[in-house]
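Peer 1: let me see the structure of the following:
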Amino acid sequence: MLWFCNRVERPLRFIGIHCNRDSDSYELLVLYPDGSEEAECFEDASSMVDAAKKLGKDLARLGWEPCPTASAVAPRES
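Peer 2: Numbering: from 1, shown residues only. Below is the predicted model:
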């Protein structure tokens, strides 16, 4: 999960981006500040990663930035 914040807005708002592999597809899930979610499915990992990078760049152009404490988390094994 990657978190983005907009330090200009008050109260501080966050957007979360989660990339996931589920069965035979890959999913990009976006969690918006109002609690809504948007998901998009992809057939391969590279397409999902490309979409996540584009979303990150789009957010940066709108004044959003990765949270300072954000870090990539490796998936846990069951």
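
Peer 1: ok, the most centrally placed residue in the chain - contacts?
Peer 2: Taking CA atoms, centre = their mean, the centroid of the chain lies closest to residue 17, which sits 1.4 Å from it. Contact analysis of residue 17 by CB atoms under 8 Å, 6 or more residues apart in numbering lists 1, 2, 3, 4, 28, 29, 30, 31, 52, 55, 56. Every residue, glycine included, has its C-beta placed from N, CA and C.

Peer 1: swap the cut-off to 10 Å and go again
Peer 2: Counting by CB atoms under 10 Å, 6 or more residues apart in numbering, residue 17 touches 1-4, 28-31, 51-52, 55-56, 59, 66, 70.

Peer 1: may I see the ChimeraX selection of the buried members of these?
Peer 2: ChimeraX command restricting these to the buried ones, with burial defined by 16 or more other CB atoms under 10 Å:
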select :2,3,4,28,30,31,51,52,55,56,59,70
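
Peer 1: where is pLDDT lowest across the contacts of residue 17?
Peer 2: Minimum pLDDT for the contacts of residue 17 is recorded at residue 70 (52).
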